[in-house]
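Enquirer: show me how the following folds:
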Amino acid sequence: MSYFSQAKGEFQDVEDVVVLDTVTYTTAGAKNGTPIEVGERTVACLELVCTALTASDTLDAKIQTSKDGSGSGLGAWRDVASFTQITATSGSERKSFAGLDRYIRAVVTPTDAGGGGISATLSIKGELK
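Expert: Numbering: from 1, shown residues only. Okay, the predicted model is just below:
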């Protein structure tokens, strides 16, 4: 997909991406998303949208990148961006960041801070440049 930028007076080449489709987690602990190949795109503009979170619980999310998606050796996953911890029953944040390797994934960590079980519904979507 492309669009014309009035500010720059040129076309911008972007690609829509779904890093984490809408999902509900009902257990605490880190969950690794599915690796997504981004090719030569090195910049991401992503939005985390949490539509439901159990009261008193928290949700952390970050984006990792890897040169080959293997997660080992030179292909080890490294953090490139972290979203602000969500502590309310809903919330959203949009972040832009550079330095992507060939693959990216989301890592989401719901925490049952209230002790009564957890339910967190969220998505991470945006565009690659």
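
Enquirer: for this protein, which spans come out with low pLDDT?
Expert: 1-11 (pLDDT under 70).

Enquirer: can you give me the strands for it?
Expert: 2-5, 10-13, 15-25, 31-32, 36-37, 43-53, 58-66, 78-82, 91-98, 103-111, 120-128 (DSSP state E).

Enquirer: go ahead and confirm residue 65 touches residue 103.
Expert: Yes: at 6.5 Å, residue 65 and residue 103 qualify as touching, with contact defined as CB atoms under 8 Å. Bear in mind the C-beta positions are built from the backbone N, C-alpha and C, glycine included.

Enquirer: if we can go back for a sec, for residue 72, which of the strands of the chain is the nearest?
Expert: Among the strands of the chain, strand 58-66 comes nearest to residue 72, with 9.4 Å by CB to CB.

Enquirer: dump that closest one to PDB, restricted to CA.
Expert: Extracted as PDB, the C-alpha positions of strand 58-66 are listed here (Å, rounded to 0.1, in the frame of the first residue of the first chain):
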ATOM      1  CA  THR A  58      -1.500  -5.700  34.600                       C
ATOM      2  CA  LEU A  59      -0.400  -6.300  31.100                       C
ATOM      3  CA  ASP A  60       3.100  -5.800  29.600                       C
ATOM      4  CA  ALA A  61       3.900  -6.100  25.900                       C
ATOM      5  CA  LYS A  62       7.000  -5.700  23.800                       C
ATOM      6  CA  ILE A  63       8.200  -6.200  20.300                       C
ATOM      7  CA  GLN A  64      11.200  -8.400  19.500                       C
ATOM      8  CA  THR A  65      13.200  -8.800  16.300                       C
ATOM      9  CA  SER A  66      15.500 -11.600  15.000                       C
END
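
Enquirer: would you mark the buried spots in it?
Expert: Neighbour counts over strand 58-66 (16 or more other CB atoms under 10 Å) mark 58-59, 61-66 as buried.

Enquirer: with stretch 100-118 instead?
Expert: Buried positions in stretch 100-118, judged by neighbour count with 16+ other CB under 10 Å: 100-112, 118.
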